[in-house]
Structure formats: structure tokens, C-alpha cells
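> need coordinates for the below:
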Amino acid sequence: MDTDALAEIMQRNCTVKKSDILAVISELIETMQDQLQNSKRIKLNGFGAFKLGIENAAGGAATAAEFSASKNIKGLHVLFQPEVKTDTTGQRRKTFVTGCTVQEAPKNDVDTAKPANGSDSGNSGSQSGNSNVPSGDVPGEGD
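Numbering: from 1, shown residues only. Have a look, this model is predicted:
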């Protein structure tokens, strides 16, 4: 799911237009980039926190005198820490998975047996189990 699809859903759930949502998200990205590059940690309440991390080159420097940014720093990356809340039992839970349940996906029943008379009735390889799941689409995976 991309930004445009999320904005479409958000527009249906509130009074803000999709174009306004996209404008705010675009500005958020630009502002976050500026602030991260100024060594700021950004916390979006209910979402999580972002900060830049340094990727060190293999080997490193044995002493501070041997350290060189051009030799010892391989690159930068963004670190994300999802927001965590404490529930009534004292357990720490990540906001995005609170209330989430997991269940086994239904199995697709595929008949691989060859017809006894050698004719093909046109149904070989069809799904006989869960008829509301399109071929190749696994519920809960992907999008």
C-alpha cells in the first residue's frame, strides 16, 4: 500500500481532502529529512521515533588518532523505533500490533490427480477450498 492509497482511505475516514493529506505528508517527509540531517530525533506520537544511525566500515580504528570519517564511516541509515505502550498487565506492547491476532490461513485444496478417462473437464488445477481467495493471493500477506 502506498501513500496515495493511504490518503484515499484517510479521506473517506475524515473531513480532510486527499490533496490536503498528500500535501501534509509531503511536507512531513521534507521536514523530517531536514531535522534528521541536523541530528534531531523525531518522535511522532502514537507512531514511533526516527533518528539517523552511522554504519561503520569493517575493521574500525584502533585509536581515536587513527579514526578518519572518510575511512571509518561507511554510510548513514534511518533507525525507526515503534511506539511502545504499557498495558494493564504491565506488558510493554508496540502500538501497531496492539489488538492484533494471528490465525492460520486456509489451505488451498488443489486436485492433482489425472482424470481416469484421460479427458480434461476444464477444472484441473482449480481451487476447491476457499473460493473467495483469488489464485496466487494469500490472505494477510503482501499489501
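
> next, the buried residues of the lowest-mean-pLDDT helix or strand in the chain.
In the chain, the helix or strand scored least confidently by mean pLDDT, DSSP states H and E is strand 92-94, which has a mean of 84. Of the residues in strand 92-94, residue 93 count as buried by neighbour count, 16 or more other C-beta atoms under 10 Å. Heads up, the C-betas are built off the backbone N, CA and C, glycines and all.

> tell me the domain ranges of this protein?
According to automatic domain parsing, the chain comprises the domains 1-40, 41-58+67-99.

> dump these to CSV, plus distance to residue 107.
Output for the domains of the chain, formatted as CSV (distance: least, C-beta to C-beta, whole Å):
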stretch, distance to residue 107
domain 1-40, 26
domain 41-58+67-99, 25
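
> so for residue 114, which of those domains sits nearest?
domain 1-40 (41.1 Å; C-beta to C-beta).

> where are the low-confidence patches of the chain?
Confidence mapping of the chain against pLDDT under 70 gives the ranges 118-143.

> all strands of it, in order?
Using DSSP state E, the strands of the chain run over residues 42-44, 48-56, 73-82, 84-86, 92-94.

> export those strands to a markdown table and tack on distance to residue 31?
Putting the strands of the chain into a markdown table (distance: least, C-beta to C-beta, whole Å) gives the following:
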| stretch | distance to residue 31 |
| --- | --- |
| strand 42-44 | 9 |
| strand 48-56 | 12 |
| strand 73-82 | 14 |
| strand 84-86 | 24 |
| strand 92-94 | 25 |
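
> and of those strands, who's closest to residue 16?
Closest to residue 16 of the strands of the chain, according to C-beta to C-beta: strand 42-44, at 17.3 Å.

> buried residues, the closest one. List them.
In strand 42-44, counting by 16+ other C-beta under 10 Å, buried: residue 42.

> what does it rub up against?
Outside strand 42-44, the residues within contact range by C-beta atoms under 8 Å, 6 or more residues apart in numbering are 32, 35, 36, 49, 50, 51.
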